[in-house]
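Asks: Next input, structure requested:
(chains A and B)
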Amino acid sequence: EAGVTQFPSHSVIEKGQTVTLRCDPISGHDNLYWYRRVMGKEIKFLLHFVKESKQDESGMPNNRFLAERTGGTYSTLKVQPAELEDSGVYFCASSRLRGANTEAFFGQGTRLTVV
Amino acid sequence: QQQVKQSPQSLIVQKGGISIINCAYENTAFDYFPWYQQFPGKGPALLIAIRPDVSEKKEGRFTISFNKSAKQFSLHIMDSQPGDSATYFCAASGTYKYIFGTGTRLKVLA
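Replies: Numbers count the residues shown, from 1 in each chain, chains lettered A, B, ... in the order given. Predicted coordinates for the structure are as follows:
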């Protein structure tokens, strides 16, 4: 069974440009999460999808970030326009069930550098 | 109230020694406490997890100790091996999202 896959693994863009990150969750996992780790800090929750619906986007930093999950399969996270403080590692995770005791499986992350 | 405080930030242990990483939380609504292990270039992977109705859980060389009254939990790695060198994250959850600690970079010397 394939794990959570994220593309690209690295992205370097200039301030003001647009970047789109993609996440393919484990097949059959209705729950999809985006997290971000800024260097040296905690991994922070951004948002949660159940199928194609956003359940919680309380962690999204601002309206420059837009997440979608069309058809309830893969998800994209677009940053437009990117700012320097958006640099970090963006993780996607998925889980089959919703709930506190359910293991979330993480992708390898996308390292975003805004210069 | 949503924070999870993790220490130390980095840890160096001799092969065969015991590695101990500590975490503290504030929100008493948390009821699931996983530990994730992350190797360079890889995503975090679940190592071991505990619920607050038990005080200890052991899986192989890895043990979680949980102190509900103190709102603290810790990861003990017995007989630490160079292959255990990684970054370890504690987390807490009361719903579906995890609140992570800041991570501990463990290096086990051969």
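
Asks: And for the closest residue to chain A within chain B, the neighbour number?
Replies: Using CB to the nearest CB, the single residue of chain B nearest to chain A is B:Gly43, 3.7 Å away. Backbone N, C-alpha and C define where each C-beta goes, glycine included. B:Gly43 has 21 neighbouring residues, counting by other CB atoms under 10 Å in any protein chain shown.

Asks: which stretches of chain B form helices?
Replies: With DSSP state H, there are no helices along chain B.

Asks: and it, which residues reach chain A?
Replies: With CB under 8 Å from any CB of the partner chain as the criterion, chain B meets chain A at residues B:4, B:6, B:30-32, B:34, B:36, B:41-46, B:49, B:51, B:89, B:91, B:93-103.

Asks: try 7 Å
Replies: For chain B, the contact set with chain A under CB under 7 Å from any CB of the partner chain comprises B:31-32, B:41-46, B:51, B:89, B:93-98, B:100-102.

Asks: give me every residue that touches the residue in chain A positioned nearest to chain B.
Replies: At 3.7 Å from chain B, A:Phe106 is the closest residue in chain A, using CB to the nearest CB. Neighbouring residues of A:Phe106 by CB atoms under 7 Å, 6 or more residues apart in numbering or on different chains: A:Val4, A:Phe91, A:Ala93, B:Gly43, B:Pro44, B:Ala45.

Asks: Quick check: the two most widely separated of these?
Replies: By the measure CB to CB, A:Phe91 and B:Ala45 form the most distant pair in the contacts of A:Phe106, at 11.6 Å.

Asks: more crowded one of those two?
Replies: Here A:Phe91 and B:Ala45 are compared on neighbour count by other CB under 10 Å; more neighbours surround A:Phe91, at 25 against 14.

Asks: can you tell me how far the more buried one sits from A:Ala2?
Replies: Here A:Phe91 is placed at a distance of 17 Å from A:Ala2 (CB to CB, to the nearest Å).

Asks: Could you give the bridge partners of the residue of chain A closest to chain B?
Replies: A:Ala93 (DSSP bridges).

Asks: Same check on B:Ala45?
Replies: Counting by DSSP bridges, the residues bridging with B:Ala45 are B:Gln37.

Asks: sorry, back to before: quick one: which of the residues of chain B next to chain A sit in strands?
Replies: The strands, defined by DSSP state E, take in B:Ala45, B:Leu46, B:Phe89, B:Phe100 from the residues of chain B next to chain A.

Asks: From these, pick the one nearest A:Lys78.
Replies: Distances from A:Lys78 to those, taken as CB to CB, are shortest for B:Phe100 (23.7 Å).

Asks: ok, the closest one to A:Gln80 distance?
Replies: Taking CB to CB as the measure, B:Phe100 falls 26 Å from A:Gln80.

Asks: returning to that earlier point: filter the residues of chain B next to chain A down to the buried ones.
Replies: B:31-32, B:43-44, B:89, B:93-94, B:96-98, B:100-102 (16 or more other CB atoms under 10 Å in any protein chain shown).
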